[in-house]
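Visitor: Provide a 3D model corresponding to the input given below.
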Amino acid sequence: MNTIKRHNKKHIHWVCFFGLLTLTACGGRGGGTVPTSTATPTTTPSPPATLSPTNQPTITPPPAPVALPDNPVTVSSPLQRISTAQGILALNVAFGSGAFHAPADQGNILYTITDRGPVIPCKDAKAVFGNKNLCKDKGGKIFLLPGYTPAIYKLRLGKMRADILEMIPLSDASGQPLTGVTNPLQSASTEKAYSKEGVRIPYDASGLDPEALVRLRNGTFWVADEYGPSLVHVATNGRILERIVPQAITDDLVNSSYPVLAGLPNILRKRAANRGIEALALAVDETRLFAMMQSPLANPGKSTFDKSRHVRLLQYSLDAQGNLGSASGEFIYSLDARDDFVNNGKRPRQSQITVTDMAALDNGDLLVAEHTRSILKLYRVDMSSATNILGMPFDNKTTTSLEETKDLAELNIVPVSKQLIYHSLMDNSGHPVSGKIEGIAVLDNTHIALINDNDFGTEGVDTRIQVITLQTAL
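Guide: Residues are numbered from 1 along each chain as shown. Below is the predicted model of the structure:
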């Protein structure tokens, strides 16, 4: 794959609105009084960030040890109350689409990210709003807060609660807040967006649906987006520096209000809806960025996506400023079979088993979260003996689809190796792990933070952060 070509571009001025949030945090197992956070969140200043070298060798003393919570803690920030057929729906921020812990930070500091905002499938319009004709679009989505701006949060875990230290809303090149409204894609599948009144919302070429993040030492972020799919470089103040997409997607996003560049394999546009890049990991020396799809591609079609177990894992170089360089690896991660996720006699569909996040370990391995709604597994992943398929015909949709192949050996492909280090049904330290665990962060060699995506409270679930202790050190 060629090096990404960067050039200047004029930007269209987009305007949307983002309200200041009331910020609270609470702790415990879900009962008792909810204490109000005493921390005052801040947003970074508006001037563009100056990029400084990020992967230069430095000698940094290890952070002082801190006490970690023994019990799950919750963090909450109210958004808006909406009337539904069942009563009042209290929306709140969904902090847990992804998580990251920087090695130089104290062990109780996390960065997390929200996704596009609260949505409800059009097919659920009757159940939620009592109107089956609200939007007659089987694949459409009702955006309850179409002006919601996805944001990065800095959190501090305490023994009884989590404090919100900083909120960084995402913005375009001119500093205007972004929305999470769907993109006008012709080269990949997309969804139509509707308001809660059933009014069609225009596509937004700058809209993002973030699902993972990493933070570099220079303060910039890389964020994974499901829509393109794409990799998004974000300045310290939340401004989008550039968005990297498959070549075929660039023309669809020509009206974006920030730079959009080609740099991902074109085959990734075959992702199923809402199954884009879900996991990111940053090498400890910050010279490599890893990105993994949530699920197998719909290659050549949905029936393949429904049955396949083969997920693509990409490796990119990073320069001294944290800019994305050339792709240096593409590997296959094979999901467990559905028989390996049976719980209480129930076996999930293969397409319900997904990758939700990952982190890089000191020795170059990855820690990968493989998940259904009832079971979480953490795997140590070694790529050293895996086949690097970069540059092979499998990125060309006209050749044999590796997603269709049951046995990768038939294609002379060796997937990455997996070693199970945590299973939520076997070792939960007395606190069951359930729900949509979409963020993981390695706090030290025995402690992992897990955070769920509570879908902005649309299902009545809180955001919970749980620190698990591994039986064997990483």
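Visitor: look up how far residue 217 lies from residue 394.
Guide: Going from residue 394 to residue 217 by CB to CB, to the nearest Å gives 35 Å. Quick note: C-beta positions are derived from backbone N, CA and C, even for glycine.
Visitor: between those two, which one's more packed in?
Guide: Relative neighbour count places residue 394 above the other of residue 394 and residue 217, with 24 against 18, counting by other CB atoms under 10 Å.
Visitor: hmm, residue 287 is touching residue 316, no?
Guide: No - counting by CB atoms under 8 Å, residue 316 is not a contact partner of residue 287; they are 9.9 Å apart.
Visitor: which residues touch the lengthiest strand in the chain?
Guide: Secondary structure assigned by DSSP state E gives strand 324-334 as the longest strand of the chain. The contact list for strand 324-334 (CB atoms under 8 Å, 6 or more residues apart in numbering) reads 1-4, 222, 231, 233, 244, 263, 265, 288-289, 292, 309-319, 355, 368, 381, 383, 386-390, 395, 402, 408, 413, 415-416, 418.
Visitor: that one: partners in the sheet, and parallel or antiparallel?
Guide: Using DSSP bridges, strand 324-334 pairs in its sheet with strand 310-318 (antiparallel).
Visitor: list the contacts of the strand it pairs with.
Guide: By CB under 8 Å, 6+ apart, the residues outside strand 310-318 that reach it are 54-55, 216, 231, 264-265, 267-268, 286-297, 324-335, 355, 383, 402-403, 405, 408, 415-416.
Visitor: mind checking which of these are buried?
Guide: 54-55, 216, 231, 264-265, 267-268, 286-297, 324, 327, 329-335, 355, 383, 402-403, 405, 408, 415-416 (16 or more other CB atoms under 10 Å).
Visitor: about what we covered before: average pLDDT across the longest strand of the chain?
Guide: Mean pLDDT, strand 324-334: 97.
Visitor: overlap in contacts, residue 287 and residue 316.
Guide: If you check residue 287 and residue 316 against CB under 8 Å, 6+ apart, no residue is contacted by both.
Visitor: how about the helices of the chain, start to end?
Guide: According to DSSP state H, the chain carries its helices in the segments 125-129, 302-307.
Visitor: mean neighbour count added to those, as a markdown table?
Guide: Output for the helices of the chain, formatted as a markdown table (neighbours: other CB atoms under 10 Å):
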| stretch | mean neighbour count |
| --- | --- |
| helix 125-129 | 18 |
| helix 302-307 | 15 |
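Visitor: any chance of those in a markdown table, plus mean pLDDT?
Guide: Shown next, in a markdown table, are the helices of the chain (pLDDT from 0 to 100):
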| stretch | mean pLDDT |
| --- | --- |
| helix 125-129 | 94 |
| helix 302-307 | 92 |
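Visitor: same list, these, but as CSV with distance to residue 136 please.
Guide: Formatted as CSV, these follow (distance: least, CB to CB, whole Å):
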stretch, distance to residue 136
helix 125-129, 9
helix 302-307, 21
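Visitor: so which of these comes closest to residue 139?
Guide: With CB to CB, the closest approach to residue 139 among those belongs to helix 302-307: 11.7 Å.
Visitor: quick one: low-confidence residue ranges for the stretch 351-474 of the chain.
Guide: By pLDDT under 70, the weakly predicted segments of the stretch 351-474 of the chain are 397-399, 428-432, 434.
Visitor: ok, which stretches of it are strands?
Guide: With DSSP state E, counting those that start in this stretch, the ranges of strands along the stretch 351-474 of the chain come out as 354-360, 366-371, 376-382, 417-423, 437-442, 447-452, 464-469.
Visitor: now do the buried residues in the last one.
Guide: For strand 464-469, the buried set under the neighbour-count rule, 16+ other CB under 10 Å, comprises 464-468.
Visitor: quick one: which of the residues you listed is nearest residue 254?
Guide: Of the buried residues of strand 464-469, the one sitting nearest to residue 254 (CB to CB) turns out to be residue 465, at 39.7 Å.
Visitor: compute the first-to-last residue distance for stretch 113-127.
Guide: End-to-end distance for stretch 113-127: 29 Å, by CA to CA, to the nearest Å.
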